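Undergrad: no sequence for this one, just the structure:
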């Protein structure tokens, strides 16, 4: 255990400074990938990291690597996150992982903390997918999850491709600069929880074990349209009434499964959706997430064994997409947990529900994540906030963990 | 009882001829108010009625009155309906009431059936409201239900006002030509049922007693948005799940009321309606119709006494609009019924669920309606159809009833 601590004052300055890049004037930001606010944030990052003595490299997807050399020729320890946001997002999602990484680097440099390995502070490009679909685009490309040519062709609402935006940004670098298992020893990503669990449990730190697997299904109920005034109730096939029964059936059955299962019926499309016409077609989605594949298998079993009809309307379903559970490196998870204990920070092990760049890298090199609490569980909105004391605790835990990895 | 009967051959010719005005090529028509297909249908109507010796008049809303004089100076007996349709509608809704009225007039003229009263065959303008909102616009104006200047200002999707379309059509006439109680003795409207009841009961004729009263409410459930992956189930306020419970509650309670009650939850709006976000706001509508005001009062009582919360989400409601039950002239209703029996047509008394021009006129002069069956209950779609035998029976019943009213 060292006695080095990050600076609250410096971290607060970073949060305030970066909150200006894309400021909506309502407490939040809109900082879409490679738009002017994003370019300004990247420039500020570069300027500050160069001032700390870092070498700046960018890869062919615009991911930025700011590296402070170590005393030995060894693979680097990387930490960072993304600096793009959703439309009218907050000042913590993604960027806090960049700012705490910068603060850790600044502490190491200013306190002259000896380290054998290079330390790389990172920005991932287009994590949110809010300008260019899909999310986690650039970590996906460098880990082989996504086809690069398709990603370059992804267009924003104005028809500008990611490739055009990247070329114009000045942040297009070389493929040889990509993160690889040979050049990097480990990756740590600090992120806000984006949910209410840590706050509700009055806990400082989420020790991430992985990212939960998920399945996404769409259900369709087929009824018979008719005039609201002419068809007797007993002769109706009302697809919305049927959908409400199917939706409740699913909720009731899933509620019998493990309490860590989270599931959401978030989207409903009713046709023709006119107040004087009996609905003839209703579709709704089910998103279900759990860290254990066998629980998701039980969810699928419930779907497959559901009744064929609700309220005289046939029900059908299809899988829209799914992803497997990602488990983080158990040694790193243990190290984060023991460091949190040593630092006196209350903590709990947990899985991430949302996806993060780190989950793609986890297949490639030892990786883990640290969560800090979100006030009210709010995220992807302007009131998104994490108390500064939790930001500092997260930074200190990140610092200590990097120092420990450096010794391994 | 006379021995005069309408001609199936002539009526079929009328149906085929008018089906060309707005033909979609798929068995249906799109004949929006005062568009070219509507103007062509009106011209054909005029041409045929003039050939029968009728005088043509139009009022200031473009309603057409084609009058065959009687032997005495008496108020006219009117019959007709509308010739506009919805987008991709059928060849029976509205127009069949015009064509059977024309066929009745043709039978009276060609068979030289003596009649003391003038007989007026009518077309009402913009009944569907599919081009210019609201429905039943012109009958509404001449009966004082709607403000004329507001109706003239009603715009279609292209921004053309009803007034502009009326001016350009050549069918704008004088206010003094409007239907009034002094000038008209009675109004009969034949219409397709637009529902499945007559067909399912194997009955030829619906003897209309009135148009059911209706209420239309919107319910709103307020929840709490959140990320699909981060909020434990027990902490959620899912507005869509709550709405499905509220909707089922309403169905279950209303099903305990009179079996003639028809109600529809036809429109649902879910916000933000994204598959990975817990819905925070859901609205849905309830349309309920019954001939007895006290049954609708029971519906309102159920709404007012419903639980304040479903699944931890507050529910609120508001009335969007309502209309009172319209009762048709009891002597005319009895006359239609007794004539149907004399003619040997199976028949049942019923109320109309949908609105019709006749309901507005019912406040002004003795009025009633005749329904003929809709195959499969289909209406407002291209497959809308009424068997020709039912069309002829409807026309014969209309003829006999007019002959009887003439003697009163």
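TA: That came through, no problem. A quick note: this is a predicted structure, and the numbers were derived from the prediction, not measured. Numbers count the residues shown, from 1 in each chain, chains lettered A, B, ... in the order given.
Undergrad: quick check: bridge partners of residue A:184?
TA: residue A:76 (DSSP bridges).
Undergrad: ok, it - contacts?
TA: Counting by CB atoms under 8 Å, 6 or more residues apart in numbering or on different chains, residue A:184 touches A:75-78, A:120, A:365. For the C-beta atoms, the positions are set from N, CA and C on the backbone; glycine is no exception.
Undergrad: how near is it to residue A:3?
TA: 28 Å (CB to CB, to the nearest Å).
Undergrad: could you do residue A:326 as well?
TA: Distance from residue A:326 to residue A:3, by CB to CB: 35 Å.
Undergrad: between the two, point out the one with more neighbours.
TA: More crowded of residue A:326 and residue A:3, by other CB atoms under 10 Å in any protein chain shown: residue A:326, with 23 against 5.
Undergrad: look at that one and report its pLDDT.
TA: What the model reports for residue A:326 is a pLDDT of 96.
Undergrad: what's the closest non-adjacent residue to the residue of the stretch 251-400 of chain A found nearest chain B?
TA: Taking CB to the nearest CB, chain B has its nearest neighbour within the stretch 251-400 of chain A at residue A:353, 2.1 Å off. Leaving aside its sequence neighbours, residue A:353 sits nearest to residue B:229 (CB to CB, 6 or more residues apart in numbering or on different chains; 2.1 Å).
Undergrad: count of neighbours near that neighbour?
TA: Neighbourhood size, residue B:229 [other CB under 10 Å]: 20.
Undergrad: now the lengthiest helix in chain A, how far from the centre of its chain.
TA: Ranked by residue count under DSSP state H, the longest helix found in chain A is helix A:388-407. Averaging C-alpha positions (CA atoms, centre = their mean, to the nearest Å) puts helix A:388-407 20 Å from its chain's average.
Undergrad: show me where pLDDT drops low in chain A?
TA: In the predicted model of chain A, residues A:1-2 satisfy pLDDT under 70.
Undergrad: and with 80 instead?
TA: Within chain A, the stretches with pLDDT under 80 are A:1-3.
Undergrad: which residue is nearest the middle of it?
TA: The structure's chain A has its C-alpha centroid closest to residue A:356; by CA atoms, centre = their mean the separation is 3.5 Å.
Undergrad: and that one, how far from residue B:75?
TA: Using CB to CB, residue A:356 is found at 81 Å from residue B:75.
Undergrad: now residue A:392
TA: Relative to residue B:75, and taking CB to CB, residue A:392 is found at 91 Å.
Undergrad: next: residue A:256.
TA: To residue B:75, residue A:256 is 72 Å away according to CB to CB.
Undergrad: repeat that for residue A:189.
TA: For residue A:189, the distance to residue B:75 - CB to CB - is 86 Å.
Undergrad: kindly report the same for residue A:275.
TA: On the measure of CB to CB, residue A:275 and residue B:75 end up 39 Å apart.
Undergrad: now swap in residue A:214 and tell me
TA: Per CB to CB, residue A:214 is found 74 Å from residue B:75.
Undergrad: swap in residue A:363?
TA: If you measure residue A:363 against residue B:75 using CB to CB, the figure is 88 Å.
Undergrad: run a quick neighbour tally on the nearest residue to residue A:26 once chain neighbours are set aside.
TA: Nearest residue to residue A:26, sequence neighbours excluded (CB to CB, 6+ apart): residue A:382, at 5.1 Å. Residue A:382 is flanked by 17 other residues according to other CB under 10 Å.
Undergrad: which ones are touching residue A:382?
TA: A:24, A:26-28, A:88-90.
Undergrad: out of those residues, which is most surrounded?
TA: residue A:90 (27 neighbours).
Undergrad: and the gap between it and chain B?
TA: 13 Å (CB to the nearest CB, to the nearest Å).
Undergrad: that residue contacts residue A:386, correct?
TA: No: using CB atoms under 8 Å, residue A:90 makes no contact with residue A:386, being 9.2 Å away.
Undergrad: rewinding a little: I'd say the residue nearest to the centre of chain A and residue A:191 touch.
TA: Yes: at 6.0 Å, residue A:356 counts as touching residue A:191 under the criterion of CB under 8 Å.
Undergrad: list residues touching both of these two?
TA: A:81, A:369.
Undergrad: show me where the stretch 51-200 of chain A has helices.
TA: Under the criterion DSSP state H, counting those that start in this stretch, the stretch 51-200 of chain A carries helices at the ranges A:95-110, A:137-142, A:148-152, A:162-169, A:197-200.
Undergrad: out of those, nearest to chain B?
TA: helix A:197-200 (6.4 Å).
Undergrad: that closest one near chain B at all?
TA: Yes: Helix A:197-200 comes into contact with chain B (CB under 8 Å from any CB of the partner chain), by way of A:197, A:200.
Undergrad: other residues contacting that helix?
TA: Residues outside helix A:197-200 that contact it (CB under 8 Å, 6+ apart): A:193, A:204-206, A:348, A:350, A:371-377, B:230, B:232, B:235.
Undergrad: could you redo the last one with a cut-off of 7 Å?
TA: Residues from elsewhere that reach helix A:197-200, judged by CB atoms under 7 Å, 6 or more residues apart in numbering or on different chains: A:206, A:350, A:371, A:373-375, A:377, B:232, B:235.
Undergrad: give me the nearest residue to residue A:182, chain neighbours excluded.
TA: Using CB to CB, 6+ apart, the closest residue to residue A:182 is residue A:75 (6.8 Å).
Undergrad: for that neighbour, the count of nearby residues, please.
TA: 17.
Undergrad: before we move on, what about residue A:111?
TA: Residue A:111: 15 neighbours (other CB under 10 Å).
Undergrad: so it is in contact with residue A:4, correct?
TA: Yes: under the criterion of CB atoms under 7 Å, residue A:111 makes contact with residue A:4 at 5.1 Å.
Undergrad: for stretch A:315-334, measure first residue to last.
TA: 46 Å (CA to CA, to the nearest Å).
Undergrad: can you list the buried residues in it?
TA: By neighbour count on 16 or more other CB atoms under 10 Å in any protein chain shown, the buried set for stretch A:315-334 is A:315, A:317, A:325-329, A:332-333.
Undergrad: out of the helices of the stretch 51-200 of chain A, the one nearest residue A:84 is which?
TA: Nearest to residue A:84 among those is helix A:95-110 (8.9 Å), distances taken as CB to CB.
Undergrad: now do the strands in the stretch 251-400 of chain A.
TA: Applying DSSP state E, counting those that start in this stretch to the stretch 251-400 of chain A gives strands spanning A:262-264, A:268-271, A:277-278, A:281-290, A:309-310, A:313-323, A:326-327, A:347-352, A:367-372.
Undergrad: list the contacts for residue A:89?
TA: Neighbour list for residue A:89: A:28-30, A:380, A:384 [criterion: CB under 7 Å, 6+ apart].
Undergrad: cool, residue A:303 as well?
TA: Contacts for residue A:303 (CB under 7 Å, 6+ apart) come out as A:217, A:317.
Undergrad: repeat for the one 4 residues further on
TA: By CB under 7 Å, 6+ apart, no residues touch residue A:307.
Undergrad: for it, phi and psi?
TA: phi -60, psi 150 (degrees, to the nearest 10).
Undergrad: distance of it from residue B:323?
TA: 38 Å.
Undergrad: right, and residue A:277 touches residue A:228 too?
TA: Yes: using CB under 7 Å, residue A:277 is in contact with residue A:228, at 6.3 Å.
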